[in-house]
Every structure is written in C-alpha cells, then in structure tokens.
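**Q** sharing a model that was predicted from the sequence below.
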Amino acid sequence: MEEQAVVKSLAALAQPVRLRVFRALVVAGPQGLTPGDLAAQLEVAATTLSFHLKELMYADLVSQERDGRHLIYRAAFDHMDGLLGYLTEHCCKGQPCAPTPSTPSGKPARKRACTTC
C-alpha cells in the first residue's frame, strides 16, 4: 500500500463518527448495512451519515452497491487488511512475535506480545 493511501485512510478514520461507522460496517461483515440501518444503529442524522460515508468511500475504506432502491455499504476488508499490513510491516524489527498471552478469562490480553520491542 502506498503511503498516500495510508495517510488518506488514517485521516478518514481520525473522526469519531466515521470511526463508529467503519466499525459498524466491519461488524456487519460482507452483508453490509443500508444508510437507514446505520443511522438508526449509531443514532446519527441521515445528512451527517451521508457526509461521513462519502469521506470513507473517498479513502477506499467503504464500498457502495445499489440493491434495487437501497444502497448497501460495506467495509472494504481488502483495503483494511492492506492498511493494517502497512502499519505492522516492520513490527518487532522483523523478528517473530511471541504468542499472544491470555488473561484469566481466556481472552487475549493484547493483539501482539513482542519479545524484541
């Protein structure tokens, strides 16, 4: 992924409503959500939501598809994976990361537990 695309994506996500919209679309998965569903779920006005969806689309983080009279928005998982890959490309100075530790509840404590950084 090119640096300019990374900057554009991070800038788009650096706003609370857009971050909430993107996370909701990630949770929805490939099925996606309509603007009405998103607005109701996030309690955001339709005009505000439209503005933020355009910004996320401009950053290639969200795709839009027409299904009859409805628009379906989906998280662009390939772009998200590319962004995460770019951010973690040189994690641990190129050394393998240690296994992720668990908390007493069995849930991972962190995504990575690096032995070299």
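**A** All right, it came through fine.
**Q** name the SS class of Leu71, please.
**A** Recorded secondary structure, Leu71: strand (DSSP: H, G, I helix; E, B strand; the rest coil).
**Q** tally of neighbours for Leu33?
**A** Using other Cβ atoms under 10 Å, Leu33 is surrounded by 22 other residues. Heads up, the C-betas are built off the backbone N, CA and C, glycines and all.
**Q** hang on, isn't it packed against Val26?
**A** No - contact criterion Cβ atoms under 8 Å: Leu33 and Val26 do not qualify, at 10.7 Å.
**Q** count of residues packed around Cys92?
**A** 15.
**Q** now Lys54
**A** Neighbour count for Lys54, taken as other Cβ under 10 Å: 12.
**Q** can you check the one 10 residues further on too?
**A** Residues near Gln64, counting by other Cβ under 10 Å, number 14.
**Q** what is the burial count for Cys91?
**A** Residue crowding around Cys91 was assessed by other Cβ under 10 Å; the count is 14.
**Q** and the worst-scoring helix or strand of the chain on mean pLDDT, what's buried?
**A** None of the helices or strands of the chain scores lower by mean pLDDT, DSSP states H and E than helix 77-88, at a mean of 93. Buried residues in helix 77-88, counted by 16 or more other Cβ atoms under 10 Å: 79-80, 82-83, 86.
**Q** averaged pLDDT, stretch 5-22. What do you get?
**A** Regarding stretch 5-22, the rounded mean pLDDT is 96.
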